[in-house]
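A.B. asks: I'd like to go over a predicted model; first the sequence, then the structure.
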Amino acid sequence: VCFVCEAAPTPSTAKLLAISLGGSNLTGAIPASLGQLTSLMYLGLGNNFLFGPIPESLGQLTALNYLELFSNFLSGSIPPGLCNLTALVQLGLSNNQLVGEIPADIGNLTALTE
């Protein structure tokens, strides 16, 4: 399975609340266009074979409560835009190939419990 999303969201996907594809053997990069799904509250892509950087555009998902990107092959640094996700309760980035410092503004995510 290859994870590809090039098209802009349609009115029906603009109201999408959850994407749960953890453990689905997905490969490829996380598409930046996911950042256009601004109603999304749950993005579960953990335990796949995704690679490349975490798109900065995910910082536009301000309604997001759960971001699960753990156990992939993601690389680069944690995008500062993720610090805009103040509704996040859970942020899972472990078991990747991320480098660099944790953004200082991660402390703005006061709703985090995990």
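C.D. replies: The structure has been received and is ready for your questions.

A.B. asks: For the rest of this, base every contact and every neighbour count on C-alpha atoms.
C.D. replies: OK.

A.B. asks: tell me the strands in this structure, going along the chain?
C.D. replies: Secondary structure of the chain (DSSP state E): strands at 18-20, 27-28, 42-44, 49-52, 66-68, 73-76, 90-92, 97-98.

A.B. asks: and of those, who's closest to Gly107?
C.D. replies: Gly107 sits nearest to strand 90-92 of all the strands of the chain, at 12.5 Å, using CA to CA.

A.B. asks: List the buried residues for that closest one?
C.D. replies: 90-91 (16 or more other CA atoms under 10 Å).

A.B. asks: For it, name the packing helices and strands.
C.D. replies: With contacts taken as 3 or more CA pairs under 8 Å, 6 or more residues apart in numbering; DSSP states H and E, strand 90-92 sits against strand 66-68.

A.B. asks: tell me what the strand it packs on is packed against?
C.D. replies: strand 42-44, strand 90-92.

A.B. asks: thinking again about what came up before, would you list the strands of the chain in TSV and tack on mean pLDDT?
C.D. replies: Shown next, in TSV, are those (pLDDT from 0 to 100):
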stretch	mean pLDDT
strand 18-20	95
strand 27-28	97
strand 42-44	98
strand 49-52	98
strand 66-68	98
strand 73-76	98
strand 90-92	97
strand 97-98	98
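
A.B. asks: now these as CSV including distance to Asn108?
C.D. replies: Shown next, in CSV, are these (distance: least, CA to CA, whole Å):
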stretch, distance to Asn108
strand 18-20, 23
strand 27-28, 30
strand 42-44, 19
strand 49-52, 26
strand 66-68, 16
strand 73-76, 21
strand 90-92, 13
strand 97-98, 21
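
A.B. asks: and the closest residue to Cys83 other than its chain neighbours, how far is that from Pro31?
C.D. replies: Excluding the flanking residues, the one nearest Cys83 by CA to CA, 6 or more residues apart in numbering is Ile106, at 5.1 Å. With the distance defined as CA to CA, to the nearest Å, Ile106 ends up 23 Å from Pro31.
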